[in-house]
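[1] Build me a structure from this.
(2 chains)
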There are 2 protein chains.
Amino acid sequence: MLQQAAIIGDGAMGTVSAMLLSANGARIGLWSAFQEHADDMSRTGENKRFLPGFPLPKGLRISTDAAEATEGADLVIIAVPSRHLRGVLERIKAALPERAVYISVIKGIEAASLLRPSEVIREVAGDRRLAVLSGPCLAREIAARLPATAVVASPDAETARIARDAFATPWFRVYTSEDHVGVELGGALKNIIAIAAGICDGLELGNNAKAALVTRGLVEMTRLGAAMGARRETFGGLAGLGDLVTTCTSDLSRNHYVGKEIGRGRSLEDIRETMGRVEAEGIETTRSAVALADRHGIEMPITREVYAVLFHDKPAPDALADLMSRSLKKESDGLTG
Amino acid sequence: MLQQAAIIGDGAMGTVSAMLLSANGARIGLWSAFQEHADDMSRTGENKRFLPGFPLPKGLRISTDAAEATEGADLVIIAVPSRHLRGVLERIKAALPERAVYISVIKGIEAASLLRPSEVIREVAGDRRLAVLSGPCLAREIAARLPATAVVASPDAETARIARDAFATPWFRVYTSEDHVGVELGGALKNIIAIAAGICDGLELGNNAKAALVTRGLVEMTRLGAAMGARRETFGGLAGLGDLVTTCTSDLSRNHYVGKEIGRGRSLEDIRETMGRVEAEGIETTRSAVALADRHGIEMPITREVYAVLFHDKPAPDALADLMSRSLKKESDGLTG
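    Predicted coordinates for the structure are as follows:
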């Protein structure tokens, strides 16, 4: 039975994790890097900045002191943007309990090292019992207790079960998997395709074109994943296809939003400015995925076009036109490899 | 080079087929079963009933006389609802040219026989050079010349190439496949999942729940398809996943619309009445798929719940609740078989 959990991160996923664990009876400490935001959440009983409209769990202890947040925790949820992950872990390292089970809910890839979040956690914190959670999990919908599903994966089956039991509620169904590489990569890579789908929507190219992008996008995600040691079938599951579909069709997705605004003609700098501390993980993940595709010699045409649009000022209409006019004779030519 | 084509059917897909073939320089005859509609199209130069807002190709000959429509045709497009297919073919059989290439664009399964449209065509018309075309093809978007993709499949590679060259335009990319069973079944079975997704939307259950339905839906489509001789990978392509994504997320899909209205509490009879001659193929396909699942001993939980809602008055909220609470421990438990 879960007694005590710690959440590292004050964003939407950290907050919704607190809600789920609390529904299962856990006592929870939540660590925020920002005193002002911690105070605001404690005072109002709500995360007005990242998940407004939902009361925080009763008894949630919010602190900027990591030792206080993690005291006695047998479960630690890591929920910080991937580009801050290493810095945060280095900073709070001493406060990370040795015997706890760790669950990363991060969907990204560290840009400098090209490591998955769980690999960064192991590198900084050492060998831990570690699981990753991913899937079609728009935080606002889970907070509203609408039905949702997710997958937890760990090389250790017992760790995966502990993670599942901590998160699973009647409205949030959690499946286990042994493919931690695939589950973690699925959640990261789909954000790139979500940006592409957003561009398609911003250009008003229609649902036929977007469906083609999603389909071909999943093919290239699977291709890179398999080269990195993931199982292909994981990408056809909730952490691949499921998450991809949600992210590509919901206005609640930040990555889709970024793409849509680019499609409408705004610059990335301009969009980033208005988003403030809200992160669209797909931007940095695109950079990482291109580097990984180079390393593994994998063809990723959609990812490369998104990269050209984001970082080399390629006009979005040209990128989409180039994608739609790629020459493939047989469909299976593009499905293999 | 394509000289002369005939379209059998006056619906949206027949009309959009005429537009594409005409863009490639074909002379086209279009057969309608309804004199009034044929006259209306000839007079207005538009298919106001099924594809309003787009001019019909110049020189399109519309007729209720099949022999007139098919005269000299080296290509015949079959574009009638599957439940009228056999009756139409029996009626116009004498007018079907022997040496032409036939392309079915029908997405359904004949209810009484459980045959695919191409099988019905062969049964009535005898052995023909035959291809099927499927994919994410919302007719209004293709008519508007927004970019789209499709797959044509035939056991005979040369027939597939002829079909591809007839349909492919700069805005409509057509890939070839040898898996005619998978391509044809993908287009039919996705309509069931589209109804389920519509129910989910009508009940306002959110994008997380819908993504789970789409993901699990593709799994059961693939399972049945594989048992019927299709290749699994076809369902991960444009004619499976691609079409599924479009249909589950677009308000232009009739099957999604039917599900949504049911989710909102309307009865099937009531919805059918307001749709008139417009067919939602997924309704009959659900019935066929349940029979096929029984025959092949395939688990299809989503299809069975849609069936219970459509034909046995099961309340939609109960069906969705039953689906979301199915017990699966490992995600892969549901992916195999």
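[2] Chain A: strands as residue ranges?
    Secondary structure of chain A (DSSP state E): strands at A:4-8, A:27-31, A:46-47, A:51-55, A:61-63, A:75-78, A:101-104, A:129-134, A:148-153, A:172-177.
[3] Report the angle between the last one and strand A:129-134.
    Angle between the axes of strand A:172-177 and strand A:129-134 is 120 degrees (criterion: axes from the mean of the first three to the mean of the last three Cα atoms, to 10 degrees).
[4] ditto for the first one
    Angle of strand A:4-8 versus strand A:129-134, following the same axes, to 10 degrees, is 60 degrees.
[5] Strand A:4-8 - what's its average pLDDT?
    The average pLDDT for strand A:4-8 rounds to 98.
[6] Can I get that strand as PDB, trimmed to CA atoms?
    Output of strand A:4-8 as PDB, limited to C-alpha atoms (Å, rounded to 0.1, in the frame of the first residue of the first chain):
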ATOM      1  CA  GLN A   4       3.900   8.600   0.900                       C
ATOM      2  CA  ALA A   5       4.800  10.100  -2.500                       C
ATOM      3  CA  ALA A   6       6.800  13.000  -3.700                       C
ATOM      4  CA  ILE A   7       6.200  14.900  -6.900                       C
ATOM      5  CA  ILE A   8       9.100  16.800  -8.500                       C
END
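[7] same for it, what does it pack against?
    Applying 3 or more Cβ pairs under 8 Å, 6 or more residues apart in numbering or on different chains; DSSP states H and E, one finds that strand A:4-8 makes contact with helix A:12-23, strand A:27-31, helix A:66-70, strand A:75-78. Yep, even glycine has a C-beta here, placed from its N, CA and C like the rest.
[8] Out of these, which is the most enclosed?
    strand A:75-78 (a mean of 27; mean count of other Cβ atoms under 10 Å in any protein chain shown).
[9] Show me how far that strand is from its chain's centre.
    15 Å (Cα atoms, centre = their mean, to the nearest Å).
[10] what is the orientation angle of the top helix by length along chain A with strand A:148-153?
    Counting residues, the longest helix found in chain A (DSSP state H) is helix A:180-202. Put simply, helix A:180-202 runs at 140 degrees to strand A:148-153, going by the same axes, to 10 degrees.
[11] if we compare the helices and strands packed on strand A:4-8, which one ends up closest to chain B?
    Chain B sits nearest to helix A:12-23 of all the helices and strands packed on strand A:4-8, at 11.1 Å, using Cβ to the nearest Cβ.
[12] quick one: contacts of the closest one?
    Contacting residues not belonging to helix A:12-23 are listed as A:2, A:5, A:7-8, A:28, A:30, A:47, A:50-51, A:54, A:56-60, A:75, A:77, A:79-80, A:105, A:137, A:139-140, A:142-143, A:166-167, A:169, A:172 [Cβ atoms under 8 Å, 6 or more residues apart in numbering or on different chains].
[13] Make a ChimeraX selection of the buried ones in these.
    Per 16 or more other Cβ atoms under 10 Å in any protein chain shown, the buried members of those correspond to this ChimeraX selection:
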select /A:2,5,7,8,28,30,47,50,51,54,56,57,60,75,77,79,80,105,137,139,140,142,143,166,167,169,172
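[14] any low-confidence regions in the stretch 51-200 of chain A?
    The stretch 51-200 of chain A contains no residues with pLDDT under 70.
[15] How many neighbouring residues does A:A157 have?
    Residues lying near A:A157 (other Cβ atoms under 10 Å in any protein chain shown) number 12.
[16] thought it was touching A:T176?
    Yes. Using Cβ atoms under 8 Å, A:A157 makes contact with A:T176 at a distance of 7.2 Å.
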